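Chemist: structure for the following, please:
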Amino acid sequence: MVELAGDAALERLPSLLAEDAATVWLDLASPSPAQVASVGATLGLHPLIVEDVLEGNQRAKLEASDGVIHVVLFALTHGRQFVASEIDFVLGRGLLLSVHDDGWDPRATHHLREGVPSIMERGPDHLLWALCDDIVDGYFPFADALGDAIDEIQDQVIVAATPEALHGLFALKRELMEVRRAASPTREVFSQLTNRDLPLIDADEIIYFRDAYDHVIRLTDELDNYRELASSTLDVYLTQVNNRLSVIMKRLTGVTVVLAGIGAVAGVFGMSEAATALSGGESSGFWVVTGGLGLAAAVAVLVLRRIDWI
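Modeler: This next block holds a predicted model:
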């Protein structure tokens, strides 16, 4: 049982692989293309697997070929935004190869904190489960944070549908998409690990992968619920905006009714003098008409306020 890491240990790899009883874990952190190509040639990996490891930008997946299983998962970290880091695993007979960047430390995972030997002595497939299970468990804090953020945005939208709330909602939807993009395909990966007949996965290890599969199902269900909540929050925002617009239009209509009525009567008297202000003389008639307009406007305002139009 040997754990390998670093350039110096690569020289021992061929001799260790020749030992039937050896269990080897080769961990490459931010390796150079030359290191990946060298390891791929030593292990006899298919050129497409080496190419996938070098290029990155893969989708979470599982591929079994040439006596090895290639698993791609994503670990999530959070700075100013969510960042998904690709992690490649290659499981072979007595061997586990892991390739990742420096942002993810496999020895800091909760299964390996008490030591690597206790995990490795159960075989490389158990080590694969330990690392994959920690990656899946790492999704839940991000999902919980998204759920809390959605609740906060919903409260903001209900109180006031402001542009700031809309900006926060769209930022939240982008983060939710990032988490779903990393986590959702993982469901298919664990489905294949538990349901396919893979010689490299011991029958006693299936129950461990099935437990991780249950976690992924619960996680994806939560993310789907959060996506629906985010969409419904956007609908609430649009409804709030439309309701506010309707209120504004009602108030403008009410003001228009008052002013248009005054303008119409004033226009009639201005154009025709209305028989010299109803034959009361221009001076007295002007004040009678003005007072009547003021009284009519006041009545209109009271009526419109009663029906909540102004």
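Chemist: quick one: residue 84 is in a strand?
Modeler: Yes - counting by DSSP: H, G, I helix; E, B strand; the rest coil, residue 84 falls inside a strand.
Chemist: surely it touches residue 72?
Modeler: No - Residue 84 lies out of contact with residue 72 (C-beta atoms under 8 Å); the separation is 11.3 Å. All C-beta atoms are positioned from the backbone trio N, CA, C, and that covers glycine.
Chemist: residue 292: which element?
Modeler: In the assignment (DSSP states H and E), residue 292 maps to helix 282-306.
Chemist: packing partners for whichever helix in the chain runs longest?
Modeler: The single longest helix within the chain, with elements called by DSSP state H, is helix 206-272. If contacts are counted by 3 or more C-beta pairs under 8 Å, 6 or more residues apart in numbering; DSSP states H and E, helix 206-272 sits against helix 124-137, helix 139-159, helix 163-183, helix 186-195, helix 282-306.
Chemist: now the first one: average pLDDT?
Modeler: If I follow you right, that is helix 124-137. The predicted model assigns helix 124-137 a mean pLDDT of 92.
Chemist: may I have the residues that are in contact with the nearest residue to residue 217 once chain neighbours are set aside?
Modeler: Spatial nearest neighbour of residue 217, chain neighbours left out: residue 187 (6.4 Å); criterion: C-beta to C-beta, 6 or more residues apart in numbering. By C-beta atoms under 8 Å, 6 or more residues apart in numbering, residue 187 lies in contact with 213, 216-217, 220.
Chemist: just the buried members of those residues?
Modeler: For the contacts of residue 187, a burial check counting by 16 or more other C-beta atoms under 10 Å picks out 213, 216, 220.
Chemist: and which of those residues is nearest residue 245?
Modeler: Of all these, residue 245 sits closest to residue 220, with 37.7 Å by C-beta to C-beta.
Chemist: center of the chain, which residue is that?
Modeler: Nearest residue to the geometric centre of the chain (C-alpha atoms, centre = their mean): residue 176, 0.9 Å.
Chemist: wouldn't that residue be in contact with residue 146 here?
Modeler: Yes - counting by C-beta under 8 Å, residue 176 sits close enough to residue 146 to count as a contact (5.6 Å).
Chemist: next, show the common contact partners of those two.
Modeler: 223, 226.
Chemist: residue 62 belongs to a helix?
Modeler: No - Residue 62 is assigned strand when assessed by three-state DSSP, not a helix.
Chemist: next, the contact list for it, please.
Modeler: 69-72, 188-189, 192-193.
Chemist: report the beta-bridge partners for it.
Modeler: With DSSP bridges applied, the residues forming beta bridges to residue 62 are residue 71.
Chemist: where does it land on pLDDT?
Modeler: We have a pLDDT of 91 for residue 62.
Chemist: cool, residue 210 as well?
Modeler: So residue 210 comes in at 93 (pLDDT).
Chemist: and for residue 268?
Modeler: Confidence at residue 268, expressed as pLDDT, is 56.
Chemist: try the one 5 residues further on
Modeler: Looking at residue 273, its pLDDT reads 56.
Chemist: could you do the one 3 residues further on as well?
Modeler: At residue 276, the model reports a pLDDT of 56.
Chemist: i'd like the first residue to be 56 from this point on
Modeler: From this message on, residue numbering opens at 56, which makes the last subject residue 331.
Chemist: low-confidence regions, the stretch 56-205 of the chain specifically.
Modeler: Low-confidence regions of the stretch 56-205 of the chain, defined by pLDDT under 70, span residues 56-65, 73, 75-76, 112, 133-136.
Chemist: helices along that one, start to end?
Modeler: 62-65, 68-72, 88-98, 102-110, 172-175, 179-192, 194-214 (DSSP state H, counting those that start in this stretch).
Chemist: could those go into JSON lines alongside mean neighbour count and distance to residue 153?
Modeler: As requested, those are exported to JSON lines (neighbours: other C-beta atoms under 10 Å; distance: least, C-beta to C-beta, whole Å):
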{"stretch": "helix 62-65", "mean neighbour count": "13", "distance to residue 153": "14"}
{"stretch": "helix 68-72", "mean neighbour count": "14", "distance to residue 153": "14"}
{"stretch": "helix 88-98", "mean neighbour count": "15", "distance to residue 153": "11"}
{"stretch": "helix 102-110", "mean neighbour count": "16", "distance to residue 153": "10"}
{"stretch": "helix 172-175", "mean neighbour count": "16", "distance to residue 153": "12"}
{"stretch": "helix 179-192", "mean neighbour count": "22", "distance to residue 153": "7"}
{"stretch": "helix 194-214", "mean neighbour count": "16", "distance to residue 153": "18"}
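Chemist: which among these is found nearest to residue 316?
Modeler: Nearest of the helices of the stretch 56-205 of the chain (C-beta to C-beta): helix 194-214, 37.0 Å.
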